[in-house]
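# Got a sequence here, can you build the structure:
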Amino acid sequence: MLAVDEARLKSLPLFSSLSKRQRAKVARHCHLILISQGEHVVVEGHSAYTFFVIEEGTAAVVSAGRHLRDLGPGDFLGEIGLVRGSGRTASVIATSNITATVMYATDFRAMKDSMPKVARQIDEAIEDRLARDRLFGLERA
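You can find the predicted model right below:
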């Protein structure tokens, strides 16, 4: 795992509207990971303790054996289980090598506690995306 700096977050749509100072604070709660093609990023039904934002690479979202959608740079996953405290609603499998920014549950809660305004902005972006997914009949991991 590698540290994440503010500049990395600026390129990700989820964090791009934050100020440089806010991104720097959020970056302290993030880590950079590499995921190999074919690896399960998350597994349907498993406990949720990590939130991912894909920087590079692609992945497939699968639920009950049904392909729901493909993910790519800028997409995020793992938010439902993390925010709602539930299990994973789908599996996500890397279809190429992935570079992702991750935030573990403890870091996510610490960020929410120390930066409630930023946490609200992130929560709103997540809720907007969830609403779009429901509109199109898609579920998330």
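# Who are the packing partners of the longest helix seen in the chain?
Counting by DSSP state H, the longest helix found in the chain is helix 116-135. Contacts defined by 3 or more C-beta pairs under 8 Å, 6 or more residues apart in numbering; DSSP states H and E place helix 116-135 against helix 13-16, helix 20-27, helix 79-84, helix 105-114. C-betas here are computed from N, CA, C, even on glycine.
# Serialize those to a markdown table and add fields for distance to residue 91 and mean neighbour count.
Compiled in a markdown table, those are given as follows (distance: least, C-beta to C-beta, whole Å; neighbours: other C-beta atoms under 10 Å):
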| stretch | distance to residue 91 | mean neighbour count |
| --- | --- | --- |
| helix 13-16 | 22 | 16 |
| helix 20-27 | 27 | 17 |
| helix 79-84 | 12 | 19 |
| helix 105-114 | 19 | 15 |
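# Residue 51: which of these is closest?
Nearest to residue 51 among the helices and strands packed on helix 116-135 is helix 79-84; the distance by C-beta to C-beta comes to 4.8 Å.
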